[in-house]
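1. Give me coordinates for this.
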Amino acid sequence: MIEETGIDNNDISFNSSLTSYLQSIKKFPILEQAEEYMLAKEYKISHNPQVVYKLVTSHLRLVAKVVNSYRGYGLPVSELIAEGNIGLIQAVRKFDPDKGFRFSTYALWWIKASIQKYILNSWSLVKIGTTNAQKKLFFNLRKIKKQLNLMDDKEMDNNIINDIAERLSVSPKDVTEMNSRICSHDSSLNSLVNDDESDSPEVLDFVSDMTPNQEERIICSETHMYRKQAFIQALECLNPREKDILFKRRLYQKPITLEELSSVYNISKERVRQIEFNSINKIRKNIPTLQ
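-> Alright, predicted model coming up:
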């Protein structure tokens, strides 16, 4: 147990470099409130990097402690620590010592925000939390389910869903959808179908290729050419006025209005509409395969 960081090596898998890091940050002294205040005041005036170094290093253990509460998302602890440290540096730059509270209290928000942003961006290829309510739901749903002794992949009944929705001020539908997202985490197409067999095929091997093969592309191309030729031939059944109205009403990028065509041909708008639809019916009769 590394008490200063709050991280228990029985809870997360340690490697030598992470263990070494957690041991090394213990050597940095924790600042007294007066010293912390003076350093923050000095930074606002001088922006001295040595001041930033002292404020940041004295709070590295705080970052490690915060990371401990976000270790259940399947992301490397070292990366979470790195993101938390970025938030800590941002806190130094934004901190106003004259507000009357400790730097650690202020920095805690920036550390959590940085870690949460990284988790939301890395946990799934599909964006999860876009609103504050969704983010709150994502980071609290698992915690509440743990308190209720519910497994991550277990479906929840309506009473539990409604209770969670009320606690977090979201709709029951939001709770159901988020629970489904969390239970069905992204998986790799290169993962083995059977993890117990080293020669097991990958999931990718069973994914169908829906793109047309060469033969299908040739048939599709020939069919397209046939239909194009058939359409051109069918146009011969129309007189010049019918062709003109049909093209201007159906084949122009910006169709001509019935009113404009009625003025050109000195007929009513209803008559133009009749000619348009009669022309379409004539073409359909001459291309039976396109009906």
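
2. for the protein, which spans come out with low pLDDT?
-> Applying pLDDT under 70 to the chain flags the ranges 1-15, 124-130, 151-155, 184-200, 202-210, 288-291.

3. Check the spacing between M178 and K143 real quick.
-> Separation of M178 from K143 (CB to CB, to the nearest Å) stands at 13 Å. Any C-beta I mention is one placed from the backbone N, CA and C, and that applies to glycine too.

4. who has more neighbours, the two?
-> M178 (21 against 11; other CB atoms under 10 Å).

5. thought the more buried one was touching F139?
-> No - with contact defined as CB atoms under 8 Å, M178 does not count as touching F139 (10.3 Å).

6. helix or strand for I283, which one?
-> Taking DSSP states H and E as the criterion, I283 maps to helix 269-286.

7. let me fix that: R142
-> Using DSSP H and E, R142 falls in helix 132-147.

8. again, but for V66
-> helix 60-68.

9. contacting residues around the very next helix or strand once past that helix?
-> Proceeding N to C from helix 60-68, the next assigned helix or strand is helix 77-94, under DSSP H and E. Contacts with helix 77-94, where a contact means CB atoms under 8 Å, 6 or more residues apart in numbering, come from 7, 12, 17-18, 21, 40, 43, 52, 55-56, 59-60, 62-64, 66-67, 70-71, 103, 106-107, 109-115, 117-119, 122.

10. 6 Å instead?
-> 12, 18, 52, 55-56, 59, 63, 66-67, 70, 106-107, 110-111, 114-115, 118 (CB atoms under 6 Å, 6 or more residues apart in numbering).

11. ok, residues contacting the helix or strand following it?
-> Following helix 77-94 in sequence order, the next helix or strand is helix 103-122 (DSSP H and E). Contact partners of helix 103-122, identified using CB under 6 Å, 6+ apart, comprise 36, 59, 62-63, 66, 70, 73, 75, 80, 83-84, 86-88, 90-91, 95, 128-129.

12. Can you mark which positions in helix 103-122 are buried?
-> Neighbour counts over helix 103-122 (16 or more other CB atoms under 10 Å) mark 103-104, 106-108, 110-116, 118-120 as buried.

13. what do you get for stretch 67-75?
-> Result for stretch 67-75 [16+ other CB under 10 Å]: buried residues 67-68, 70-71, 73, 75.

14. Quick one: end-to-end distance for that stretch.
-> 11 Å (CA to CA, to the nearest Å).

15. Please shift the residue numbers so they start at 93 in all later answers.
-> With the count now opening at 93, the last piece we talked about shows up as stretch 159-167.

16. mind checking how far that stretch is from the chain centre?
-> 19 Å (CA atoms, centre = their mean, to the nearest Å).

17. now do stretch 207-217
-> 9 Å.

18. Dump the C-alpha coordinates for it into PDB.
-> Output of stretch 207-217 as PDB, limited to C-alpha atoms (Å, rounded to 0.1, in the frame of the first residue of the first chain):
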ATOM      1  CA  ILE A 207      -8.900  12.700 -16.500                       C
ATOM      2  CA  GLN A 208     -12.600  12.500 -17.300                       C
ATOM      3  CA  LYS A 209     -12.100  14.100 -20.700                       C
ATOM      4  CA  TYR A 210      -9.400  11.600 -21.500                       C
ATOM      5  CA  ILE A 211     -11.600   8.600 -20.400                       C
ATOM      6  CA  LEU A 212     -14.600   9.900 -22.500                       C
ATOM      7  CA  ASN A 213     -12.300  10.300 -25.600                       C
ATOM      8  CA  SER A 214     -10.500   6.900 -25.100                       C
ATOM      9  CA  TRP A 215     -13.100   4.500 -23.700                       C
ATOM     10  CA  SER A 216     -15.000   4.100 -26.900                       C
ATOM     11  CA  LEU A 217     -14.700   4.900 -30.600                       C
END
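
19. From the contacts of helix 195-214, list the buried ones, please.
-> Here, 16+ other CB under 10 Å leaves 128, 151, 154-155, 158, 162, 165, 167, 172, 175-176, 178-180, 183, 187, 220-221 buried among those.

20. Can you show me the helices along the stretch 193-342 of the chain?
-> Assigned by DSSP state H, counting those that start in this stretch, the helices in the stretch 193-342 of the chain fall at 195-214, 224-239, 250-260, 264-275, 306-326, 332-338.

21. for these, which one ends up most surrounded?
-> helix 195-214 (a mean of 18; mean count of other CB atoms under 10 Å).

22. If anything else comes up later, I'll come back, but that's it for now.
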